[in-house]
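Peer 1: here's a sequence, model it:
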Amino acid sequence: MTHKKELQSLLQKLRLARALACKRFPYLAPALLRVSVVPYPAPRGALWQPSLGVDRWWRLYWDESFVKEKDEETLAWVWVHEVWHLLREHPDRCGSRETRKWNISADIEINDDMPQAP
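Peer 2: Numbering: from 1, shown residues only. Down below sits the predicted model:
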């Protein structure tokens, strides 16, 4: 498979995971569908760790190896987690705080409210 086809396959996997998240959490569907998926993987090292991430403009960034290794169920859970960052306005509320510590704190708060990860 060419790299371009492989990226298209990974984008499709992200779309299917988002659809699964919408089905499992219908009250979050409008927010999930508002997020724009950046159509190419984040550069190596751009995310804190290989995963998914969002910014204040409701764009989803993704790590190629993370999407490859996770199943759609897990990716759906991560989609919901990322949308909660946006709904709680975490990117905007970070301000001048140390971004990495802020993100870890926000992750803990979100995960406390979410069902167990698959």
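
Peer 1: need the residue closest to the centroid of this protein.
Peer 2: Leu52 (3.9 Å; Cα atoms, centre = their mean).

Peer 1: that one: what's it in contact with?
Peer 2: Neighbour list for Leu52: 60-63, 66-67, 75, 78-79, 82 [criterion: Cβ atoms under 8 Å, 6 or more residues apart in numbering]. C-beta here means a position set from N, CA and C on the backbone, and glycine is covered the same way.

Peer 1: swap in Glu72?
Peer 2: 13, 16-17, 20.

Peer 1: how many neighbouring residues does the nearest residue to it once chain neighbours are set aside have?
Peer 2: Among residues not flanking Glu72 along the chain, Ala17 sits closest, at 4.6 Å (Cβ to Cβ, 6 or more residues apart in numbering). Per other Cβ atoms under 10 Å, the neighbour tally for Ala17 reads 24.

Peer 1: helices or strands up against the helix or strand encompassing Ala17?
Peer 2: Using DSSP states H and E, the secondary-structure element containing Ala17 is helix 3-24. With contacts taken as 3 or more Cβ pairs under 8 Å, 6 or more residues apart in numbering; DSSP states H and E, helix 3-24 sits against helix 29-34, strand 36-37, strand 59-62, helix 64-69, helix 72-87.

Peer 1: nearest to Gly95, of those?
Peer 2: Across the helices and strands packed on helix 3-24, Gly95 has its closest neighbour in helix 72-87 (14.9 Å, Cβ to Cβ).
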